[in-house]
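Enquirer: I would like to see how this sequence folds:
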Amino acid sequence: MKKRRLATLTAILVLVPLVAAAPGRPARAAGSGPGDAARSAESTLVRGVNLDTATIPELQARMERGSLSSFGLTLAYLRRIKAVDPRINAVLRTSPTALRQAAASDLRHRLGRTRGPLDGIPVLLKDNVNTRDMPTTAGSLALAGRPPATDADLVGKLRAAGAVILGKANLSEWANFRSAKPTSGWSAVGGQTNNPYVLDRNPCGSSSGSAAALAASLAQVAVGTETDGSIVCPAGMNGVVGLKPSLGVVSQSGVVPISAEQDTAGPMARNVTDTALTLSVLSGRDTVRAGGSPSLTDAAQRPGTLRGKRIGLWRLPSLGAEVDALMTRTAERLSAAGAEVVEVDMPYQERLAELEFPALLSEFHRDIDAYLATRGGPRDLAELIEFNRTHPGEQTCFAGQELFEQALAAPSTTDPEYRAMRAELTDLSRRSIDEVMAAHDLDAIASPANPPAWTTDCARGDDDVIPSSTPAAVAGYPSLSVPAGFVGELPVGLLLMAGDRQDAELLSLGAAVEHRLDAWRAPGYLPSTSASGTSH
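Expert: Residues are numbered from 1 along each chain as shown. Sure, this is the predicted structure:
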């Protein structure tokens, strides 16, 4: 029996390079014409499964029954990347071992030795997450040489869980912490990522490739990272789900940093179920807190009810009248489902805005120096600044590196003035959430995650004053973006935030909100604003 199983696995592994599409050429079935091959590669249907809407539990059930294989699922995503990604430019590279990883998962499924909910599920990683077998660049030519020596801790957890590491997603270079006027979704390594809904619109940063790839169904789930807004804004602007976990729930080890005080990787998906299951693997545990907290698996598969839930609505009318009208409709729908929605305002926000950026400058200098010392290329921030000055490829969209220069001159993190800033930031950000939730007896606070996507313009840069992410980002509390609806053809997310380590509770509530709003729809890949039907 063992010889037969070994022979089966060997046959699968030998077959892998034969069926995988050659670089730049979508795989073609025998006897089919070029048009048939293109339509097949762009299809979201795989053996009766719609990739746009299928959840991980549905995929796992099919793999257990034998009606779907991880190999077939992974191959379908690789073919879609070849066929669809040229329009949106979200995927930097695919793993040369992806199909071998999938074949190994299929053998585990046949032997009854699966490793959990992500076994055989294709995952894209933002390209600031270390992988030992693929380059990790943070979008910069300075890191485009040899891969890191080791995987990030979270990648080790994904591999141990049997996930298929499908490839690396483009991002805003250095996670949007380089220029004073950056263009989100652009990197010197990957170029510009486009919003799949309207292609001349921006995907938001900095987990832009992760979100755009999910919107286009180029992977089942993805990993993004956030310091302030870089998971939840791209999720909202690309019509998908993104969770910024509580600080410390997911390891920071092996992730290109901005600030250890705020950085976290987090899961992104087309639905809350897959987001919760991915967090259970990234965190290495099924519960975020002990005691009576719901497990992440429960949050994923048994969403809570809205009846009796109290949700505070922080409107943020500065994001525009159409977004505000969408928030009104959202509140009405949640109320009709039994939730109590009360309008709130968030205190201390002006002070947080004054303090956050100076603190991040000091933290970035400390943390990027430590990271660069582990890689080939520039050894510290000063050498990185010089690299950008002398490499024209780093200046093709924007030339500025003002944030790098300011960080180089910023006070050390041992400076008493810096320490006082970070202490005040932590205190005020936590109070801004804790006090509002206590005063109104809330289960969560909701706000718009993003405005409608702006037109991408290297000369102008971003138009992205989006304050909703800041309280949870600075406090280290969880926040979750779920699709709320559209302004014209452009998605807008609803951002939910809650108290420290309430990740499972937030996901459970988010699943109920997602079910009630039912706002997801596939992107149209419209070429421009004139085709979008909106004046924004």
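Enquirer: only C-alpha atoms for contact and neighbour calcs from this point on.
Expert: OK.
Enquirer: so what's the backbone phi/psi at the most centrally placed residue in the chain?
Expert: Centroid-nearest residue in the chain, with CA atoms, centre = their mean: G224, separated by 3.3 Å. The phi/psi pair for G224 (degrees, to the nearest 10) reads phi -120, psi 180.
Enquirer: what's the answer for V129, then?
Expert: Phi and psi for V129, reported as degrees, to the nearest 10, are phi -110, psi 120.
Enquirer: show me what contacts the nearest residue to it once chain neighbours are set aside?
Expert: Distances taken as CA to CA, 6 or more residues apart in numbering put V255 closest to V129, at 4.6 Å, once the chain neighbours are dropped. The contact partners of V255, taken as CA atoms under 8 Å, 6 or more residues apart in numbering, are N128, V129, N130, A152.
Enquirer: Likewise for F404?
Expert: Counted by CA under 8 Å, 6+ apart, F404 has contacts F177, R178, S179, L381, I385.
Enquirer: again, but for L352
Expert: Neighbour list for L352: L425, L428, S429 [criterion: CA under 8 Å, 6+ apart].
Enquirer: Quick check: the second one touching E350?
Expert: No - taking CA atoms under 8 Å as the contact criterion, L428 and E350 are not neighbours in contact, 10.6 Å apart.
Enquirer: Run a quick neighbour tally on the nearest residue to I56 once chain neighbours are set aside.
Expert: Spatial nearest neighbour of I56, excluding adjacent residues (CA to CA, 6+ apart): D274 at 5.8 Å. Applying other CA atoms under 10 Å, we find 26 residues neighbouring D274.
Enquirer: For the one helix or strand D274 maps to, name the packing helices and strands.
Expert: Per DSSP states H and E: D274 is located in helix 272-282. Applying 3 or more CA pairs under 8 Å, 6 or more residues apart in numbering; DSSP states H and E, one finds that helix 272-282 contacts helix 153-160, strand 221-226, strand 241-244, strand 264-269, helix 296-301, helix 503-517.
Enquirer: List the strands paired with the fourth one, with their directions.
Expert: For strand 264-269, the pairing partners within the sheet under DSSP bridges are strand 221-226 (antiparallel), strand 241-244 (antiparallel).
Enquirer: wait, what's in contact with the nearest residue to T74 once chain neighbours are set aside?
Expert: What sits nearest to T74 in space, not counting adjacent residues and going by CA to CA, 6+ apart, is P122, at 6.1 Å. If you count contacts by CA under 8 Å, 6+ apart, P122 has them with L73, T74, Y77, A163, V164, I165, L166, A219, Q220, V221.
Enquirer: rerun at 10 Å
Expert: By CA atoms under 10 Å, 6 or more residues apart in numbering, the contact list for P122 reads 70-71, 73-75, 77-78, 98-99, 101-102, 162-167, 218-222.
Enquirer: now swap in Q252 and tell me
Expert: Q252 touches V129, A152, D153, L154, T225, S259, A260, D263, T264, A265, counting by CA under 10 Å, 6+ apart.
Enquirer: Export these to JSON lines and append columns for neighbour count, distance to T44 and pLDDT.
Expert: Below are the contacts of Q252 laid out as JSON lines (neighbours: other CA atoms under 10 Å; distance: CA to CA, whole Å; pLDDT from 0 to 100):
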{"residue": "V129", "neighbour count": "28", "distance to T44": "28", "pLDDT": "98"}
{"residue": "A152", "neighbour count": "20", "distance to T44": "31", "pLDDT": "98"}
{"residue": "D153", "neighbour count": "19", "distance to T44": "32", "pLDDT": "98"}
{"residue": "L154", "neighbour count": "25", "distance to T44": "28", "pLDDT": "98"}
{"residue": "T225", "neighbour count": "34", "distance to T44": "27", "pLDDT": "98"}
{"residue": "S259", "neighbour count": "21", "distance to T44": "38", "pLDDT": "98"}
{"residue": "A260", "neighbour count": "17", "distance to T44": "39", "pLDDT": "98"}
{"residue": "D263", "neighbour count": "27", "distance to T44": "34", "pLDDT": "98"}
{"residue": "T264", "neighbour count": "29", "distance to T44": "31", "pLDDT": "98"}
{"residue": "A265", "neighbour count": "32", "distance to T44": "28", "pLDDT": "98"}
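Enquirer: closest to T330 among the residues you listed?
Expert: T225 (27.1 Å; CA to CA).
Enquirer: where are the low-confidence patches of the stretch 101-250 of the chain?
Expert: When residues are selected by pLDDT under 70, none of them lie in the stretch 101-250 of the chain.
Enquirer: ranges for the strands of it?
Expert: Secondary structure of the stretch 101-250 of the chain (DSSP state E, counting those that start in this stretch): strands at 122-126, 164-169, 186-187, 191-192, 221-226, 241-244.
Enquirer: So which of these is nearest G112?
Expert: G112 lies closest to strand 164-169 among the strands of the stretch 101-250 of the chain, at 17.8 Å (CA to CA).
Enquirer: what about P234, distance to S481?
Expert: Look at P234 and S481: by CA to CA, to the nearest Å, they are 9 Å apart.
Enquirer: ok, back up a step: any chance of the contacts of Q252 in TSV, with distance to E405 too?
Expert: Compiled in TSV, the contacts of Q252 are given as follows (distance: CA to CA, whole Å):
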residue	distance to E405
V129	24
A152	28
D153	30
L154	31
T225	23
S259	16
A260	20
D263	21
T264	24
A265	26
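Enquirer: now the helices for the stretch 401-536 of the chain?
Expert: All helices of the stretch 401-536 of the chain, identified by DSSP state H, counting those that start in this stretch, fall at 402-409, 416-440, 470-475, 503-517.
Enquirer: Relative to the whole chain's centre, how far out is the shortest one?
Expert: Meaning helix 470-475. Distance of helix 470-475 from its chain centroid, counting by CA atoms, centre = their mean, to the nearest Å, is 17 Å.
Enquirer: Could you do stretch 409-428 as well?
Expert: 28 Å.
Enquirer: Could I get the buried residue list for that stretch?
Expert: In terms of neighbour count (16 or more other CA atoms under 10 Å), stretch 409-428 has its buried residues at A410, P411, S412, T413, Y418, M421, R422, E424, L425, T426, L428.
Enquirer: Then stretch 86-99?
Expert: By neighbour count on 16+ other CA under 10 Å, the buried set for stretch 86-99 is I88, N89, A90, V91, L92, R93, T94, S95, T97, A98, L99.
Enquirer: Next up, the contacts around Q101.
Expert: Counting by CA under 10 Å, 6+ apart, Q101 makes contact with 13, 70-71, 74, 95, 119-122, 159, 162-166.
Enquirer: Same check on V221?
Expert: V221 neighbours (CA under 10 Å, 6+ apart): 55-56, 118, 121-125, 166, 210-211, 213-214, 241, 267-271, 274-275, 277-278.
Enquirer: If we use 6 Å, what do you get?
Expert: When contacts are counted by CA atoms under 6 Å, 6 or more residues apart in numbering, V221 touches V123, M268, A269.
Enquirer: Could you find the closest non-adjacent residue to the last one?
Expert: Once its chain neighbours are removed from consideration, A269 has its nearest residue in V221; the separation is 4.7 Å (CA to CA, 6+ apart).
Enquirer: Please report the distance of the spatially closest residue to L154 that is not a sequence neighbour from R93.
Expert: Spatially, and ignoring its direct neighbours in sequence, L154 is nearest to L282 (5.5 Å; CA to CA, 6+ apart). For L282, the distance to R93 equals 22 Å [CA to CA].
Enquirer: how about stretch 57-67 as PDB, C-alpha atoms only?
Expert: Extracted in PDB, the C-alpha atoms of stretch 57-67 (Å, rounded to 0.1, in the frame of the first residue of the first chain):
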ATOM      1  CA  PRO A  57     -15.300  25.200   4.200                       C
ATOM      2  CA  GLU A  58     -17.000  24.600   0.900                       C
ATOM      3  CA  LEU A  59     -13.700  24.000  -0.900                       C
ATOM      4  CA  GLN A  60     -12.500  21.600   1.900                       C
ATOM      5  CA  ALA A  61     -15.800  19.700   1.700                       C
ATOM      6  CA  ARG A  62     -15.300  19.100  -2.000                       C
ATOM      7  CA  MET A  63     -11.700  18.100  -1.500                       C
ATOM      8  CA  GLU A  64     -12.700  15.600   1.100                       C
ATOM      9  CA  ARG A  65     -15.300  14.100  -1.300                       C
ATOM     10  CA  GLY A  66     -12.800  14.000  -4.100                       C
ATOM     11  CA  SER A  67     -14.800  16.300  -6.400                       C
END
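Enquirer: That's all I had, so thanks and see you.
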